[in-house]
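Asks: here's a sequence, model it:
(one chain, ligands or ions: 2)
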Amino acid sequence: IWNHVPAGPPDPILGITEAFKADKDPRKINLGVGAYRDENGKPYVLPSVKAAEDRIYNAKADKEYLPITGLGELNKLAAKLAYGAESAPLLEGRIASTQSISGTGALRIGGAFLARHYPGVKTIYLPVPSWGNHTPLFRDSGLEVKGYRYLDKKTIGLDFAGLKEDLAAAPEKSIVLLHACAHNPTGVDPTPEQWAEISDIVKVSIQVSVSNARLFPFFDFAYQGFASGDTTRDAFALRYFVSQGHNIALAQSFAKNMGLYGERVGLFSVTTSSPEEKARVDSQIKILVRPLYSNPPLHGARIASTILADSLLSAQWEKEVKGMADRIISMRNELYNHLTHDLKTPGEWGHIKSQIGMFSFTGLTTPQAKALGEKAHIYMTSEGRISMAGLNSHNIKYFADSVDAAVRG
Ligand code: PLP
Ligand code: TYF
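Replies: Numbering: from 1, shown residues only. Ligands and ions are numbered 1, 2, ... in the order given. Sure, this is the predicted structure:
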């Protein structure tokens, strides 16, 4: 009966882990998947998460189903974390939200909500390049997917002129996806001044009221705290847009910043114009979620809300996020120094230091990335993206030497 089903390609990112696992060389390094590793290359369970789990265990809570939109306490606390305690839509009770199966689930529910209810053009513009899963995810949720220029391959920096041109040319009332911080895969973020210009283009506010903005911004916020080490600073773009009166949609994830990857904790939210409108939107989100998975998982939601609800525990968590971000930043500096000063590797490597977040878009070509896998047992995406968190003081010299050899061919 399944004779006609063709074999599909492996996932371009998760496929790398398979190749890494099969490699028996002791020097091997996995820089493919974006998951934090500690100084010894090991997964890291945050002490604040362990403390929250102890509390949950000791409370001997039951395992009843959550409501369709998840743990209400988490929805409130997560909105405060992203939008800020002073945010007008938060204070005015007009943010509709649901807990989701991590960031991916938030994007998918968001896509489905927009496909069903957005009154404008059901096309979402993604940066080129964007996270590989964005295209299938939004297409499967019922939106048409197009791109806007983002990375300038020559400078390995932002193609700001191209971005502005493409967003200005996008049809009125289209949707635009923005990485709130720590752009994946490039590590290239707009500056605050550039964000302000992007906000204006999305709004084109000449006479139009913002509720009538030209484009509808959908923020993907998978790395709050991971970029700068400061959750408030990383929320700049999102909060700026909201302060400018934009109506926005938001996908949040606690996979990276709390290290809750496999627990699948995230949120989808959307700002509305009144508590009454919020209630209607909430009711439609429930109607979307119920036939998909009925209600979200419990344990991770309890962990995140336990941390966020307790001022001591959340202060501890903020320090731990900063610890992860700082380790990544120190790896950027070390790698840059090895390549530029020690090895004098041909090329310009400043972007390794200036890029932000989990990833560096190295500028290595697909053949060079392939050669690194085959000859040096170093695994990265074919577009030359490395997860900085896979580097540590034990393997960074070997990595830099191998990059140097690959570049010199
Ligand atoms: N969005 C971006 C840009 C990401 O990089 C990721 C994870 O790598 C996600 C969303 C969603 O991840 P998760 O579903 O694990 O929260
Ligand atoms: O490395 C990346 O860009 C991501 C990581 O369920 C990832 O693709 C892996 C699994 C998952 C979500 C994100």
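Asks: how about the contacts made by residue 396?
Replies: Neighbouring residues of residue 396 by C-beta atoms under 8 Å, 6 or more residues apart in numbering: 331, 334, 335, 338. Glycine gets a C-beta too; all of them are placed from N, C-alpha and C.
Asks: same question, residue 284
Replies: 113, 116, 117.
Asks: go on, residue 57?
Replies: Here residue 57 is in contact with no residue (C-beta under 8 Å, 6+ apart).
Asks: make sure it is indeed in a helix.
Replies: Yes - the assignment for residue 57 (DSSP: H, G, I helix; E, B strand; the rest coil) places it in a helix.
Asks: for ligand 2, give me its nearest residue in the protein.
Replies: residue 34 (3.2 Å; C-beta to the nearest ligand atom).
Asks: might one say that that residue is in contact with residue 359?
Replies: Yes - counting by C-beta atoms under 8 Å, residue 34 touches residue 359, with 6.3 Å between them.
Asks: near ligand 1, which residues of the stretch 101-250 of the chain show up?
Replies: 102, 103, 104, 131, 179, 184, 220, 222 (C-beta under 6 Å from any ligand atom).
Asks: now the closest residue to ligand 1 within the stretch 301-409 of the chain. Nearest residue, chain neighbours left out?
Replies: Nearest residue of the stretch 301-409 of the chain to ligand 1: residue 358, at 7.4 Å (C-beta to the nearest ligand atom). Counting by C-beta to C-beta, 6 or more residues apart in numbering, residue 34 is the residue found nearest to residue 358 once chain neighbours are left out, at 4.7 Å.
Asks: what's near enough to touch that neighbour?
Replies: 13, 184, 256, 358, 359, 387, 389.
Asks: would you map out the domains in the chain?
Replies: Domain ranges of the chain: 14-45+323-404, 65-309, per automatic domain parsing.
Asks: return the most buried member of these.
Replies: domain 65-309 (a mean of 20; mean count of other C-beta atoms under 10 Å).
Asks: near ligand 2, anything from it?
Replies: Yes - using C-beta under 6 Å from any ligand atom, we find that domain 65-309 touches ligand 2 at 104, 131, 133, 184.
Asks: what mean pLDDT does that domain get?
Replies: For domain 65-309, mean pLDDT rounds to 95.
Asks: so what secondary structure elements neighbour the one helix or strand residue 314 maps to?
Replies: Residue 314 belongs to helix 311-337 when assigned by DSSP states H and E. Contact analysis of helix 311-337 by 3 or more C-beta pairs under 8 Å, 6 or more residues apart in numbering; DSSP states H and E lists helix 47-59, helix 299-309, helix 350-354, helix 396-408 as its packing neighbours.
Asks: dump those to TSV, plus distance to residue 170.
Replies: Formatted as TSV, the helices and strands packed on helix 311-337 follow (distance: least, C-beta to C-beta, whole Å):
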stretch	distance to residue 170
helix 47-59	40
helix 299-309	35
helix 350-354	27
helix 396-408	37
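Asks: among these, which is nearest residue 89?
Replies: Checking those against residue 89 by C-beta to C-beta gives helix 299-309 as the closest, at 18.6 Å.
Asks: hmm, back to that, check contacts around the residue of the stretch 301-409 of the chain closest to ligand 1.
Replies: 34, 36, 182, 184, 187, 223, 226, 256, 328, 387, 388, 389.
Asks: quick revisit: and what about the residue of the chain closest to ligand 2, helix, strand or coil?
Replies: Per three-state DSSP, residue 34 ends up coil.
Asks: using CSV, write out every CA atom in stretch 164-181.
Replies: Taking C-alpha atoms only, stretch 164-181 is exported to CSV below (Å, rounded to 0.1, in the frame of the first residue of the first chain):
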residue,chain,number,x,y,z
LYS,A,164,14.8,47.6,3.4
GLU,A,165,14.1,47.4,-0.4
ASP,A,166,12.5,44.0,-0.1
LEU,A,167,10.3,44.8,2.9
ALA,A,168,9.2,48.1,1.3
ALA,A,169,8.3,46.2,-1.9
ALA,A,170,6.4,43.4,-0.1
PRO,A,171,2.7,43.6,-0.9
GLU,A,172,0.6,45.6,1.6
LYS,A,173,-0.6,43.5,4.5
SER,A,174,1.9,40.7,4.1
ILE,A,175,3.4,39.0,7.2
VAL,A,176,7.1,39.4,8.0
LEU,A,177,9.1,37.0,10.2
LEU,A,178,11.7,38.7,12.3
HIS,A,179,14.3,36.9,14.5
ALA,A,180,14.0,38.9,17.7
CYS,A,181,17.7,38.4,18.5
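Asks: before we move on, the earlier item: and the helix holding residue 314, is it in reach of ligand 2?
Replies: No - remark: helix 311-337 sits outside contact range of ligand 2, by C-beta under 6 Å from any ligand atom, the gap being at least 13.9 Å.
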